[in-house]
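J.: quick one, what's the 3D model for this:
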Amino acid sequence: MRRALFAVGATLIVLLAPAGAYADDPTGVLERYRQWRGGDAFEALVAVRSSGAMTGSGLEGTIEQIATAAGDLRRDVDLGIIRTASARRGPEGWTLTPSGQIEAAAPASVEDLRRDALLMFEAILDDPARLDRKADAVRDGRAFAVVGVDFGDQDVHELYLEPETGALHGLRRVRDRRESFVRFEDWRVVEGVRMPFAELSVESTGEEAAVRWTSVETNPALTEEAFSRPVRAAAHVIAGGTASTGFMPFDLFAGSRIYIPAVVNGVETEALLDSGAEMTVLDKAFAERLGLAPRGDVAAVGTGGVGSAQFASGVTIELEGISFADRTVAVIDFTDIARAIGRPLPIVLGKDAFNDLIIDIDFPGRRLAFHEREGFRPPEGLSELPLVSTGSIRAVPLSVEGREPVLFDFDTGNGGALIIYPAYAEAEGLLEDRPQSTVMSGAVGGVRESGIATMRSIALAGFEVREVPTVFPPAGPSAVDGDRTAGNVGLGVLGRFRLVTDFAGDRLWLGADSGALAQPFARDRLGLSLRKEGAAVVVQRVSPNSPAAEAGWVAGETIAAIDGVPAAELDAAALRMVVTGPAGRTVRLTLEGGETRVLESRDFY
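T.: Predicted coordinates:
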């Protein structure tokens, strides 16, 4: 393309050539890439050890990495307030979490590490069956030859190469429906092999990270210890050195949120127990009250999209009979989420509370207990189910309307019943020929409009639950748009069971009686989203296809009384009962100006 700037004839050649002059056959451009990287020296490369500086998430620190042509990889990142590490050796791997815990890496994470390693070496190019010449693409203002590397699933890995020289510009990846691009710069020759000394990665969330390698060693001598799993101190202490806290009470707020009395850095408060949170999170205002100084700025991918989080260290959380000391936590502004829930949300106790302990959650008794794993025996009469690590959280096999069981995220922080992700919903046609409406849903990352419909039945460990209201979020960057799990099962379903979790043992025990499973779900039967504002109730939203929509209600209308009860006397719980009352019920709503309207509740999705 540069020649076109100097000669008309060359311009004509370029314009008349088909787009992607090497289309359909990656052989030529890959041979140029081999030679550009170092030819025989590149082919002989079997291991690389690198160290350098890293900036990302508003933080600065160091990074060290070891990779082998066999697919082994270890990566350690120290950004001061947070340290993370991950390694793959053979078929297994481990992870050091931002909370400071060591856990076995999920199979998908182990495979991601393997692919990251393989893509650094020449051997990945030796299997023509996995290589695919894609259409040329423009990136950073330049056109590149694109070669896809197929690992046999829906993920995407593409090398962006200079067509004429074979120089590697970058690597595009799509994993779990999330895109990233790594641009390689500052190429230098090390023992005959061109190696990038600068890398800039950009995620689909908009987050960027930059690495500048200060040392790159080719074919170093490696020992098994280079990939060994670190030993970390216990992350919790049970009072009196006993094996169990015994049962402590919890409040099942609105039937959908587990609130536990807690003390955080000496301040009494309450914590929401959330197995779907990758780490413990403090509300921004509560963190300020504790005098913490959060640092960094990282993309927080939640059910509502992408938000912002910081990190704080030196946090001690005490529950009845157990303490979690010197934790690093995330800090997020929970103002809007707390308002939507209808209760303050000072702290979310995340997956790090589940990792090393057995947690027995007795929903009928409104109590829970923490147990050490050693010597624990589950209560009799419970069914065992695998808890599968998928990366950040755990998942359980669940069947939707008689289909083969697929993995659903196990999420005690989801106050709803069921979320089905776009990839699975589209593949199975789950919204075809089914009454549906929309609802505002989400949490971290914001709230957005999602579809809502009813699944006739779901099955979990042989237990069947019928007529399950199910949210169908739209595609787009969020925690609910992936393809490694089919959806998310929340407390609307999980709260019907007695649950005993063993994250370290990859298992869950559960049991329920027929009465609990047959309880009908609370569902909106009016189509009015109501919020208390001062002494009035304001309509926030009207659901499509609902009784309220058919009656002409619009957002912004103010209600002075419901069934004769003044709005000033109605709290959030009372408003929920109004909109979720049984089908066929008549509701009289008096507007601020004195007009009275009558709605008859019915199922509309």
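
J.: what about residue 72, neighbour count?
T.: 21 (other CB atoms under 10 Å). For every residue, glycine as well, the C-beta is placed using N, CA and C.

J.: pull the contacting residues for residue 541.
T.: With contacts defined as CB atoms under 8 Å, 6 or more residues apart in numbering, residue 541 is in contact with 440, 528, 529, 555.

J.: what bridges to the closest residue to residue 544 other than its chain neighbours?
T.: Here the nearest residue to residue 544 in space, its sequence neighbours aside, is residue 437; by CB to CB, 6 or more residues apart in numbering that works out to 5.2 Å. Applying DSSP bridges to residue 437 gives these bridge partners: residue 452.

J.: is it correct that residue 437 is in contact with residue 545?
T.: Yes - with contact defined as CB atoms under 8 Å, residue 437 and residue 545 form a contacting pair (5.0 Å).

J.: name the residues contacting each of these two.
T.: Contact with both residue 437 and residue 545 is made by residues 527, 604, 605, according to CB under 8 Å, 6+ apart.

J.: from residue 195, how far out is residue 42?
T.: 10 Å (CB to CB, to the nearest Å).

J.: and residue 425, by the same measure?
T.: Relative to residue 195, residue 425 is positioned 44 Å away (CB to CB).

J.: same question, residue 508
T.: 45 Å.

J.: before we move on, the earlier item: number of nearby residues for the residue nearest to residue 544?
T.: By other CB under 10 Å, 16 other residues sit near residue 437.

J.: show me what the helix or strand where residue 599 lies is packed against.
T.: Residue 599 is part of strand 596-600 when elements are defined by DSSP states H and E. Secondary-structure packing of strand 596-600 (3 or more CB pairs under 8 Å, 6 or more residues apart in numbering; DSSP states H and E): helix 547-550, strand 586-591.

J.: buried ones in it?
T.: Taking 16 or more other CB atoms under 10 Å as the neighbour-count basis, strand 596-600 is seen to contain the buried residues residue 599.

J.: give me the contacts around that strand.
T.: Identification of contacts with strand 596-600 by CB under 8 Å, 6+ apart yields 526, 528, 547-548, 551, 553, 584-591.

J.: please spell out the ChimeraX selection for the buried subset of those residues.
T.: Here is the ChimeraX command that picks out the buried ones among the contacts of strand 596-600, judged by 16+ other CB under 10 Å:
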select :526,528,547,548,551,553,587,589,590
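
J.: determine which two of the contacts of strand 596-600 are furthest apart.
T.: Using CB to CB, the contacts of strand 596-600 span at most 23.4 Å, a distance reached by 584 and 591.

J.: now do the buried residues in stretch 570-579.
T.: Taking 16+ other CB under 10 Å as the criterion, stretch 570-579 shows 570, 575, 576, 578, 579 as buried.

J.: likewise for stretch 223-243?
T.: Of the residues in stretch 223-243, 226, 227, 229, 235, 236, 238 count as buried by neighbour count, 16+ other CB under 10 Å.

J.: can you verify my assumption that the fourth one contacts residue 100?
T.: The reference is to residue 235. Yes - because the distance of 6.8 Å satisfies CB under 8 Å, residue 235 is recorded as touching residue 100.

J.: which neighbours do these two share?
T.: Contact criterion CB under 8 Å, 6+ apart; residues bridging residue 235 and residue 100 by contacting each: residue 327.

J.: gap between the residue nearest to residue 274 when sequence neighbours are not counted and residue 79?
T.: Here the nearest residue to residue 274 in space, its sequence neighbours aside, is residue 413; by CB to CB, 6+ apart that works out to 2.9 Å. Look at residue 413 and residue 79: by CB to CB, they are 26 Å apart.

J.: how about the secondary structure of the residue nearest the centre of the chain?
T.: Averaging the C-alpha coordinates of the chain gives a centre point, and the residue nearest to it by CA atoms, centre = their mean is residue 479 (3.9 Å). Using DSSP: H, G, I helix; E, B strand; the rest coil, the three-state assignment for residue 479 comes out as coil.
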